[in-house]
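>>> build me a model from this:
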Amino acid sequence: MSRRIVITSGKGGVGKTTLVAHLGVALASLGLRVLLMDTDIGLNNLDVVCGVENKIVYDIIDVIEGRCRAKQALIQIARFPTLYAMPSAHSYDKSAICGQNIKMVIERLKDSFDYILVDCPAGIERGFHRSVAAADEAIVVATPNISSIRDADKVIQLLKTYELAQIYLAVNRARGDLIVSNVSVSVEDMVDLLKIPLIGVIPEEDEISLCAGLGQTLSNGKNAQKAFSLLARNIHKEKSDIFDCTEKYRGLFGSIKRGLRKRV
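Below you'll find the predicted structure:
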């Protein structure tokens, strides 16, 4: 039986889809069978982030409408034999799809995967509700700024109306230099404000967005890869090892690094 986790956010632009893709890679690297399911109909780009946009034959709408079997719409992601993506449709009448449709697709695949990560549309409209209705757990992605935190709080209150086993917080695009300088909201303050368990912190790194845009994987041993590895292990092994994005910016040498980053 797979764990079905919806990855959501209060607003767009927080790096949710990129996080889904790299988290999928990190879980697959642990030897787990992982499916990345895009439920953002019309504004979908998980296929692009995963580098499989040219391999699409069928999508989730084809499965729902019976034009293909669920497994026919799966695309294996290069270099990871246990990692698959199910793309969404670029154009379709979204009002025709409900949570029960997404549940049906997941039911057909649940025995083939250890994890099904549902990439939820941003916001709190119908797309949000149909995605959440098909999941058992949720990860709310937020960035360290007030508008993102406020929107995340609204999403959390809605998630609490569903019978989810757990709701986690993942802080994305955290800039350690700004947090140490008290320019950005700290991770600790975000946890205090949102009042849900912290599952991971992902630093603001150019490599993350560049790799996602090219459908590539992160470099081993670099901060970004370490952060996603910790996030995956926290999810799978119920640990609480959080990446410290502020460590290299503390102390004398850290102040020098902060000064250099300001000039970039």
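
>>> and residue 73, what does it touch?
Shown in contact with residue 73 (CB atoms under 8 Å, 6 or more residues apart in numbering): 57-60, 62-63, 86-87. Every residue, glycine included, has its C-beta placed from N, CA and C.

>>> swap that for residue 171, please
142-144, 187, 190, 198, 200-202.

>>> same thing with residue 60?
37-39, 73, 86-89, 102, 105 are the contacts of residue 60 under CB under 8 Å, 6+ apart.

>>> quick one: which of the residues you listed sit in strands?
37-38, 86 (DSSP state E).

>>> and of those, the nearest to residue 231?
Minimum distance to residue 231 across the ones in strands among the contacts of residue 60 is 18.5 Å, recorded for residue 37 (CB to CB).

>>> outside of the helix or strand that contains residue 47, which residues touch it?
Element membership for residue 47 (DSSP states H and E) is helix 46-49. Helix 46-49 has contacts (CB under 8 Å, 6+ apart) with 17-18, 20-21, 36, 38, 40, 53, 56, 75, 85, 87-88, 119, 212-213, 215.

>>> of those, buried ones?
Among those, those classed as buried by 16 or more other CB atoms under 10 Å are 17-18, 20-21, 36, 38, 40, 53, 56, 75, 85, 87-88, 119, 212, 215.

>>> dump the helix or strand just after the helix holding residue 47 to PDB, restricted to CA.
Counting by DSSP H and E, the next helix or strand C-terminal to helix 46-49 is helix 60-64. What follows is helix 60-64, C-alpha atoms only, in PDB (Å, rounded to 0.1, in the frame of the first residue of the first chain):
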ATOM      1  CA  ILE A  60      -4.200  11.600 -16.500                       C
ATOM      2  CA  ILE A  61      -7.300  12.800 -18.500                       C
ATOM      3  CA  ASP A  62      -6.900   9.800 -20.900                       C
ATOM      4  CA  VAL A  63      -6.900   7.500 -17.900                       C
ATOM      5  CA  ILE A  64     -10.000   9.100 -16.300                       C
END
